[in-house]
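**Student:** task: produce atomic coordinates for the following.
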Amino acid sequence: MTAIDKRTHERKFVRTFFTTPTAVEGEDDSAKMLKKSIQLRGMQAPDVWVPDNEDATAPNMRDEGAQNIIDVVSADGADFPGEIHPRVVWHRDSPTTRYQGFQRMLEMADPDNGAIENIDGFVIPEVGDVDDWKKADEFFTIIENEHGLEEGSLKMSVIIESGAAELAMSKLRDEMGKPTNNLQRMFLLVDGEVDYTKDMRAITPTGGLPAWPELRHNTSRGASANGLIAVDGPYDDIRDVEGYHERMTENQAKGQLGIWSLTPGQVVEANKSPLPPEEGYWIIDADGRTVELESQDGVEVYSGERIELEEEGDGYELEVGGDEYELTEDELTEELLDLLDYVPSLNDIVDSMEEFEAAKEAGKGAIAMTQSATVSIDGVEVDVAKDRMWDEATYQALQTPITLFQDVYENRPDQHDDLADLYGEDVVDRAMDVGN
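**Tutor:** Have a look, this model is predicted:
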């Protein structure tokens, strides 16, 4: 039997979770947004597309929305490059709402309607404790039996929008694999911070959403413990690209590599964000702010005002924020190394992995990798070099971005040209071979 914490679905990673209203009121064609979204390709197309027949669609339009899903997905779903997971209505406290969601899933899954062969699963919102998750799973099993589908073939994703759902993640490991359920069908754990904030009765001075880093950590932990994939909730300020990137960077450090996307523009940013950069670069901690150094003729240049450096006789005077240091050349180098970090490119990662693999084949258990640069601050140039020991544990940890890249390449052939344009075909080929 496969261990619970080993992912059993074909997709190992999901970068993008993109929702689309299923029926737009007041339009000649209420399915216009579905028809537009299903044509997305390349970096604009999400890994998981969610025709949203819950919050994004008005209650009086949801029956029409379910039919629109059937019509659009049956017509064009076979050519969509990502997975398709409609979201239906559900609520832990409302049997009526749960029944409505069940009926619409039953209709969408009917093979006679032609859509189910292109639908990978369904997204269930507003779940409660783990018994509520099992109710949803039972409905999925009934639907599969009703329509002659293989049990467990429909993936089930849930949105964590309550304290009860957050606690349920810690109980899921004990429930999955029991003969009384088919919870192995679980796929995504998605944060829903808006309704979670309401459920938690949280208040902020501005009325904005709390950051909820604990929720995102717990969702990532729940996904890791149960062989699932963690996805963060929506970032509503769609014009704040920098803030969106900061959010994704924070998430990725928690192992939550996926995020909700509200526009095709956000999809592009989220599809690229967890991938290694095209070119490696140096960053410096400038009094609490991370700043990327500008590469000029082989020199990494800091041009901000938070760090100052000048030569003083045989030594140097370094100022970081309000702190001043009088240093020798060796002391300066050590101080700068504490402030500097290198962000490797895909090519850098592949080079390092290939070098370690060659060393391992030669019988070496560990090797030192060196990254050096000339750094310029206020016109003063300093040579620095960072050494990092690579052993098997380091190799395995740094294999994650390569595994992500390989998963994307294998599952998203529509992005092959984009990846080749970004990294070069040679780097792409080497990245697909390394680690195997």
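**Student:** report pLDDT for the residue lying farthest from the centre of the chain.
**Tutor:** What lies farthest from the middle of the chain is residue 313; by CA atoms, centre = their mean that is 50.9 Å. Residue 313 carries a pLDDT value of 87.
**Student:** what do you get for the one 5 residues further on?
**Tutor:** We have a pLDDT of 96 for residue 318.
**Student:** show me what contacts it?
**Tutor:** 307-309, 324-325, 327, 332, 335 (CB atoms under 8 Å, 6 or more residues apart in numbering). All C-beta spots, glycine's among them, are computed from the backbone N, C-alpha and C.
**Student:** 6 Å - rerun?
**Tutor:** Residue 318 makes contacts with 309, 325, 327, as judged by CB atoms under 6 Å, 6 or more residues apart in numbering.
**Student:** residue 231 now?
**Tutor:** Residue 231 neighbours (CB under 6 Å, 6+ apart): 17, 188, 190, 258.
**Student:** need those in CSV (columns: pLDDT and neighbour count).
**Tutor:** Formatted as CSV, the contacts of residue 231 follow (pLDDT from 0 to 100; neighbours: other CB atoms under 10 Å):
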residue, pLDDT, neighbour count
17, 98, 29
188, 98, 26
190, 98, 29
258, 97, 27
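**Student:** between those, which sits nearest residue 235?
**Tutor:** Closest approach between the contacts of residue 231 and residue 235, by CB to CB: residue 17, at 11.6 Å.
**Student:** which residues sit in contact with residue 72?
**Tutor:** Neighbours of residue 72 in contact, by CB under 6 Å, 6+ apart: 31, 34-35, 38.
**Student:** show me the shaky parts of this protein.
**Tutor:** By pLDDT under 70, the weakly predicted segments of the chain are 1-8.
**Student:** tell me the centre residue of it?
**Tutor:** Central residue of the chain (CA atoms, centre = their mean): residue 258, at 1.6 Å.
**Student:** tell me what it is bridged to.
**Tutor:** residue 231 (DSSP bridges).
**Student:** just checking, it touches residue 14?
**Tutor:** Yes - the criterion here is CB atoms under 6 Å, and residue 258 meets it with residue 14 at 4.4 Å.
**Student:** and the gap between the residue farthest from the centre of the chain and residue 225?
**Tutor:** Separation of residue 313 from residue 225 (CB to CB, to the nearest Å) stands at 58 Å.
**Student:** so which bits of stretch 339-346 are buried?
**Tutor:** Residues 339-340, 342, 344-346 are the ones in stretch 339-346 that count as buried (16 or more other CB atoms under 10 Å).
**Student:** now the end-to-end length of that stretch.
**Tutor:** 23 Å (CA to CA, to the nearest Å).
**Student:** what segments of the stretch 1-150 of the chain are helices?
**Tutor:** 32-37, 62-76, 95-108, 130-146 (DSSP state H, counting those that start in this stretch).
**Student:** so which of the ones you listed is nearest residue 359?
**Tutor:** Closest approach to residue 359 among these is made by helix 130-146 (46.4 Å; CB to CB).
**Student:** related to what we said a few turns ago, out of the contacts of residue 72, who's the most crowded?
**Tutor:** Ranked by neighbour count (other CB atoms under 10 Å), the contacts of residue 72 have residue 34 at the top, with 25 neighbours.
**Student:** what distance do you get for it to residue 80?
**Tutor:** Here the criterion is CB to CB. By it, residue 34 lies 11 Å from residue 80.
**Student:** identify the contacts common to the two.
**Tutor:** When CB under 6 Å, 6+ apart defines a contact, no residue borders residue 34 and residue 80 alike.
**Student:** from what I can see residue 217 touches residue 253, true?
**Tutor:** No - under the criterion of CB under 6 Å, residue 217 makes no contact with residue 253, lying 10.0 Å away.
**Student:** of these two, give the one with the bigger neighbour count.
**Tutor:** Applying other CB under 10 Å to residue 217 and residue 253 shows that residue 217 carries more neighbours, namely 15 against 9.
**Student:** am I right that that one sits in a strand?
**Tutor:** No - counting by DSSP: H, G, I helix; E, B strand; the rest coil, residue 217 is not part of a strand but helix.
**Student:** tell me the SS of the closest residue to it other than its chain neighbours?
**Tutor:** Nearest residue to residue 217 in three dimensions, chain neighbours excluded: residue 254, at 5.4 Å (CB to CB, 6 or more residues apart in numbering). Classification of residue 254 using three-state DSSP returns coil.
**Student:** so what's residue 254 up against?
**Tutor:** Per CB under 6 Å, 6+ apart, neighbours of residue 254: 216-217, 220.
**Student:** wait, which of the contacts of residue 72 is closest to residue 164?
**Tutor:** Checking the contacts of residue 72 against residue 164 by CB to CB gives residue 34 as the nearest, at 31.8 Å.
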